[in-house]
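K.L.:
only geometry, no sequence info:
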C-alpha cells in the first residue's frame with residue numbers, strides 16, 4: 001500500500017531547511033548560554049557544565065552558519081544530541097536547584113520534536129527526551145513529583161507546538177494531495193538557489209503535466225480526476241529521494257526540486273519516477289546555470305515541458321544547457337529598453353519591371369556584446385526552445401513599425417512585411433496586440449503583410465488560421481513564405497488565407513541553370529495566379545536572375561541584386577544618393593532588368 005504524500009515518516013511538517021537551521025542553531029545557542037550562566041554560579045564545581053556549554057554554543061554557531069546545507073536526516077542526530085547534552089548537564093549539576101533549572105532546557109527539545117518530525121520519528125524523539133529527562137533528574141536527586149511535573153510540561157510544550165506546526169503546514173500544503181503548494185514550493189526554490197549561490201551545489205527544477213487530464217475529468221468525472229491526482233502525488237513522493245521537494249502547483253501541474261544532485265543523475269531519477277507512475281506524464285527539467293535567477297530557471301523548465309508536450313507527450317525533456325546562457329542573454333536583451341544589440345533591418349521588395357521599391361521585409365538581427373553577430377537561425381531556435389519566441393516577435397514588430405514609419409514619411413505607400421511564428425498565431429492576444437502596435441506607430445493595417453512559412457501552414461491549427469483570417473478582415477495581408485522549399489504541396493495553399501506567394505530562392509537558382517526547373521518555376525507562378533495570389537521571387541542575386549524573372553512575367557522580387565538588408569536610415573540615404581526614393585538598388589539595377 002502506498003504512503004500518503006503528506007505522511008512520509010520523518011519528514012518536516014512545515015519547515016524549510018533554512019528555518020530548521022535557524023531554529024536548531026538558536027536553541028542550541030540559548031541552551032549553551034543557560035548552561036554557561038548556571039556554571040558561573042558555582043565555577044569550582046561546574047567543569048562538566050562548562051564543557052557542555054562550550055559544546056552547545058559551538059554547535060549552535062556551526063548550525064546557524066552552515067545548517068541549511070545539512071540533510072534533513074541529520075536533524076535527528078542534532079535533536080537527539082541536544083537531549084543527551086541536557087541530560088549530561090542535569091546529571092552533573094553541582095546542586096539540585098541548578099539541576100531543576102537546567103532541566104527546563106528540555107523544553108527546547110520539546111519544541112523541536114513535533115515541529116521537525118512526524119509519525120514514528122517524532123514519537124521516538126519524544127520517548128528519548130522523556131527518558132533522559134526522568135533519568136537525569138532522578139539521578140541528581142530531584143523529587144519524583146517534580147520530575148513528573150517536568151514531564152507534563154515537556155509533553156504539553158511538544159504537543160502544543162506540534163499542533164501549531166501542523167496548522168501552519170496545512171496552510172502551506174495543497175489540500176487535495178498533501179504536497180507543498182505553489183507558495184511553499186517557490187520559497188523552497190528561492191532558498192535552494194540562494195544556497196547554490198553560496199556553495200555552487202547543483203539545483204534541478206522539474207515541471208510535470210498530467211497528459212489528457214481533461215479527458216479523464218470529462219469522461220469519468222472530477223472525483224476520479226481528483227483520485228488520479230492523489231495517486232500521482234503519492235507515487236512521486238514514494239519514488240523520489242527523501243530530500244526532494246514535491247509540489248502541486250494547481251490543476252494537473254506538479255513540480256519537483258532536487259538539490260545537490262547533478263543534472264544527469266537528477267534526470268534519471270525523475271524519469272524513473274515518471275515512467276513508473278501508471279499514467280502518462282510530460283516532464284520538463286532544467287539544471288540551474290551559474291548566477292541564473294530563479295525566474296530564468298523556472299522559464300527554462302517550463303520551455304522544456306512545452307517541448308515535451310509538442311514532441312508527443314508522455315516523455316521527459318531536459319532544457320538545453322548549451323543554449324541556456326544564450327537564452328539568458330537573449331532574455332536580457334529583450335528586457336533592455338535599448339534592445340541589447342537586437343535590431344531590425346529592412347530588405348526591399350521591388351517591382352521587377354521597374355526596379356521600384358514597393359515594400360520592405362523586416363529581418364531581425366542580434367549583435368551580441370561578447371559573441372558578435374549571432375545568426376538569426378541560432379537565436380530564433382534558442383527563443384523557441386526557451387519560450388521567448390513571442391517576446392522576440394513582439395520586439396521585431398515594434399522595431400519594424402518604427403523603422404517603416406520613418407520610411408513612409410518619404411514614401412507614404414510603402415508596404416512592410418513581418419514574419420509570424422506558429423507560436424504567435426495560436427496566441428489569443430496576437431492579432432489585437434499587432435493591430436494596437438500598428439495604430440500606435442501611425443500605420444494603417446493596409447500597410448502590413450504578415451508572412452508565414454510553409455511549415456506553419458502545414459502544422460496550422462484552426463486557431464492559427466482564424467487569426468490570419470481575422471487580420472485579413474481588418475486590412476492586413478498575408479503571405480506564404482519559402483514555397484518550394486522541402487516537400488511543397490499545392491493543397492496546403494488552399495488552407496491558408498493568403499494574398500502573396502513567396503517562392504524560395506532555391507527555385508530561382510535552379511531555374512536559371514536547368515530547363516526542367518525553369519518549367520517548374522513557371523508552374524509555381526501559374527499556381528499563384530490560379531489561386532489569386534501575387535507571386536514574389538526571393539533570392540534574386542544576379543542580373544541573370546532578374547532578366548529571367550522579367551521574361552517569365554514574375555511581377556515582384558527581392559534579393560541582394562536589388563539591395564541588402566539595411567537600417568531605415570541607411571536605406572533612405574542610399575535611395576537619396578541614387579537620386580530617387582523609388583529606386584531600390586544601384587543605378588544599374590533597372591538596366592539589368594530591361595536589358
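P.N.:
Ah, there it is. All figures in this text were calculated on a predicted structure; none of them were measured in a lab.

K.L.:
next, the buried residues of the helix or strand hosting residue 547.
P.N.:
Residue 547 belongs to helix 543-552 when assigned by DSSP states H and E. Buried residues in helix 543-552, counting neighbours by 16 or more other Cβ atoms under 10 Å, are found at 545, 546, 547, 548, 549, 550, 552. Backbone N, C-alpha and C define where each C-beta goes, glycine included.

K.L.:
residue 109: neighbour count?
P.N.:
27 (other Cβ atoms under 10 Å).

K.L.:
end-to-end on stretch 283-301?
P.N.:
9 Å (Cα to Cα, to the nearest Å).

K.L.:
who touches the helix or strand residue 348 falls within?
P.N.:
Element membership for residue 348 (DSSP H and E) is strand 342-351. With contacts defined as Cβ atoms under 8 Å, 6 or more residues apart in numbering, strand 342-351 is touched by 333-334, 356-367, 395-396, 399-400, 403-404, 407, 415, 417, 536, 555-558, 562-568, 571, 584-585.

K.L.:
can you rerun that using 6 Å?
P.N.:
Residues outside strand 342-351 that contact it (Cβ atoms under 6 Å, 6 or more residues apart in numbering): 333, 357-366, 399-400, 403, 557-558, 562-563, 565-567, 571, 584.

K.L.:
which of those residues fall within strands?
P.N.:
Secondary structure defined by DSSP state E assigns 357, 358, 359, 360, 361, 362, 363, 364, 365, 366, 557 of these to strands.

K.L.:
if any of the residues you listed are buried, put those into a ChimeraX selection.
P.N.:
In ChimeraX, this line selects whichever of these come out buried by 16+ other Cβ under 10 Å:
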select :357,358,359,360,361,362,363,364,365,366,557
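
K.L.:
for the ones in strands among the contacts of strand 342-351, which two are the farthest from each other?
P.N.:
Using Cβ to Cβ, the pair of the ones in strands among the contacts of strand 342-351 lying farthest apart is 358 and 366, separated by 27.8 Å.

K.L.:
ok so, going back, now render the ones in strands among the contacts of strand 342-351 as JSON lines, adding pLDDT and distance to residue 73.
P.N.:
Converted to JSON lines, the ones in strands among the contacts of strand 342-351 look like this (pLDDT from 0 to 100; distance: Cβ to Cβ, whole Å):
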{"residue": "357", "pLDDT": "92", "distance to residue 73": "72"}
{"residue": "358", "pLDDT": "94", "distance to residue 73": "72"}
{"residue": "359", "pLDDT": "95", "distance to residue 73": "68"}
{"residue": "360", "pLDDT": "96", "distance to residue 73": "65"}
{"residue": "361", "pLDDT": "96", "distance to residue 73": "62"}
{"residue": "362", "pLDDT": "96", "distance to residue 73": "58"}
{"residue": "363", "pLDDT": "96", "distance to residue 73": "57"}
{"residue": "364", "pLDDT": "95", "distance to residue 73": "52"}
{"residue": "365", "pLDDT": "96", "distance to residue 73": "54"}
{"residue": "366", "pLDDT": "95", "distance to residue 73": "48"}
{"residue": "557", "pLDDT": "96", "distance to residue 73": "71"}
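
K.L.:
return the member of the ones in strands among the contacts of strand 342-351 nearest to residue 202.
P.N.:
Distances from residue 202 to the ones in strands among the contacts of strand 342-351, taken by Cβ to Cβ, are shortest for residue 366, at 29.8 Å.

K.L.:
may I have the beta-bridge partners of the closest one?
P.N.:
residue 342, residue 374 (DSSP bridges).

K.L.:
so it sits against residue 379, correct?
P.N.:
Yes. With contacts counted by Cβ atoms under 6 Å, residue 366 reaches residue 379, the gap being 5.2 Å.

K.L.:
so what's the residue count around the residue nearest to residue 41 when sequence neighbours are not counted?
P.N.:
With sequence-adjacent residues excluded and distances taken as Cβ to Cβ, 6 or more residues apart in numbering, residue 41 is closest to residue 98, at 6.9 Å. By other Cβ under 10 Å, the residues close to residue 98 number 22.

K.L.:
can you list the low-confidence ranges for this structure?
P.N.:
Scanning the chain for pLDDT under 70 picks out 1-17, 168-171, 320-324, 454-461, 485-492, 579-595.

K.L.:
just the strands in it please.
P.N.:
203-210, 245-250, 253-259, 281-287, 316-318, 342-351, 357-368, 372-374, 415-419, 448-453, 477-483, 500-503, 534-537, 556-557.

K.L.:
closest one to residue 306 among these?
P.N.:
strand 281-287 (6.9 Å).

K.L.:
okay, the closest residue to residue 290 other than its chain neighbours and residue 501: tell me how far apart.
P.N.:
Leaving aside its sequence neighbours, residue 290 sits nearest to residue 200 (Cβ to Cβ, 6+ apart; 8.0 Å). Counting by Cβ to Cβ, to the nearest Å, the gap from residue 200 to residue 501 is 55 Å.

K.L.:
which one of these two is surrounded by more residues?
P.N.:
Per other Cβ under 10 Å, whichever of residue 200 and residue 501 has more neighbours is residue 501, with 23 against 8.

K.L.:
how close does that one sit to residue 251?
P.N.:
In terms of Cβ to Cβ, residue 501 sits 42 Å off from residue 251.

K.L.:
what does residue 338 give?
P.N.:
For residue 338, the distance to residue 251 - Cβ to Cβ - is 39 Å.

K.L.:
likewise for residue 299?
P.N.:
Using Cβ to Cβ, residue 299 is found at 19 Å from residue 251.

K.L.:
who has more neighbours, the two?
P.N.:
residue 299 (20 against 11).

K.L.:
give me the number of residues near the closest residue in space to that one that isn't next to it in sequence?
P.N.:
What sits nearest to residue 299 in space, not counting adjacent residues and going by Cβ to Cβ, 6+ apart, is residue 387, at 5.8 Å. Neighbour count of residue 387, defined by other Cβ under 10 Å: 20.

K.L.:
likewise for the one 5 residues further on?
P.N.:
Residue 392 has 25 neighbouring residues, counting by other Cβ under 10 Å.
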